[in-house]
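In: Okay, predicted coordinates and the sequence, questions at the end:
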Amino acid sequence: MPITIYQGHHHSLAPADINIVIDVIRAFTVAHYAFIGGAKEILLVGTAEEAFALKDTYPDYVLTGEEKGVGISGFDLDNSPKRMAMQDMADKRLIQKTTNGVTAALGALNAKHLFVTGFSNAKTTAEYVKTLAVKDCVLNIVASHPSGDDDMACAEYIKGIIEGTNAVTAAGVIERIKRSSVAEKFFDRSQPLFDPEDISYCTKELTGDFVMKVKQEREVPTIERVII
């Protein structure tokens with residue numbers, strides 16, 4: 001079973017059986033914590049304008065995301081997993097717009113199954129996908145940051161679990177995330193908009209009973225919490 005890893009958020013992938021899109025720092029870590037907090041679903045949009053238009057239609061939906069790494073004026077929440085973990089998300093529906101993860105997911109819709117994850121839910125996702133993968137299926141993993149080793153480390157970790165080689169350890173992924181160029185600004189005191197505690201959330205592997213699957217039949221692609 002061939003598994004191809006792509007890096008970057010700009011790909012429009014050819015038809016596949018399974019696509020997995022990764023955004024460790026921070027979109028799909030945020031999504032994971034939203035579902036842990038009880039969120040019902042997360043709508044994925046490519047622009048802030050689309051997000052605001054949906055908010056006009058569904059005023060109770062929660063806008064979350066970023067542009068160029070920082071929160072968007074008029075959004076309810078930014079892209080911080082720490083702050084998401086502190087919210088009461090019970091039965092809430094969210095609208096998410098981010099630079100890398102969401103954009104990459106929207107470019108990976110041409111698949112029978114599309115999953116999204118950060119490192120926090122990577123092992124659970126990989127083990128579930130392993131049960132779906134058959135000999136000749138086409139499986140792609142997208143490390144959504146164009147150059148960051150955080151997403152690439154997680155992609156290699158997931159690939160190793162699915163293939164049964166376990167070539168990359170969880171500890172190794174954590175170290176690479178912390179040392180990645182993407183994480184640097186979170187430890188830079190001259191950039192107070194980036195909270196170093198977010199990296200703690202992004203590097204915490206959690207045991208869970210659900211995966212995040214994108215439902216593609218709807219007009220707006222939507223992440224759903226699928227119990228496994």
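Out: Looks like it arrived, so ask away.
In: Every contact and neighbour count from this point should use C-alpha atoms.
Out: OK.
In: Need the three-state assignment for Gln96.
Out: What DSSP: H, G, I helix; E, B strand; the rest coil gives for Gln96 is strand.
In: That one: how many residues sit nearby?
Out: The number of residues packed near Gln96 is 30, by other CA atoms under 10 Å.
In: Please report the distance of it from Lys185.
Out: 22 Å (CA to CA, to the nearest Å).
In: show me what contacts the most centrally placed residue in the chain?
Out: What sits nearest the mean C-alpha location of the chain, by CA atoms, centre = their mean, is Phe28, with 2.4 Å. Residues near Phe28 by CA atoms under 8 Å, 6 or more residues apart in numbering: Ile22, Gly101, Val116, Thr117, Gly118.
In: Go through the residues you listed and say which is closest to Leu206.
Out: The closest of these to Leu206 turns out to be Gly118 (CA to CA; 10.7 Å).
In: Does the nearest residue to that closest one once chain neighbours are set aside lie in a helix or a strand, and which?
Out: Computed as CA to CA, 6 or more residues apart in numbering, the closest residue to Gly118 that is not its neighbour in sequence is Val24, at 4.1 Å. Counting by DSSP states H and E, no helix or strand carries Val24.
In: quick one: the residue lying closest to Thr169 once chain neighbours are set aside from Asp17, how far?
Out: Among residues not flanking Thr169 along the chain, Tyr157 sits closest, at 6.7 Å (CA to CA, 6+ apart). In this view, Tyr157 and Asp17 are 20 Å apart by CA to CA.
In: More neighbours: these two, which one.
Out: Using other CA under 10 Å as the criterion, Tyr157 and Asp17 rank with Tyr157 on top: 23 against 17.
In: name the element that one belongs to?
Out: Per DSSP H and E, Tyr157 falls inside helix 149-163.
In: just checking, what packs against that helix?
Out: Packing contacts for helix 149-163, counted by 3 or more CA pairs under 8 Å, 6 or more residues apart in numbering; DSSP states H and E, involve strand 3-7, strand 16-22, helix 122-132, strand 139-143, helix 170-179.
In: can you do 10 Å?
Out: strand 3-7, strand 16-22, strand 111-117, helix 122-132, strand 139-143, helix 170-179 (3 or more CA pairs under 10 Å, 6 or more residues apart in numbering; DSSP states H and E).
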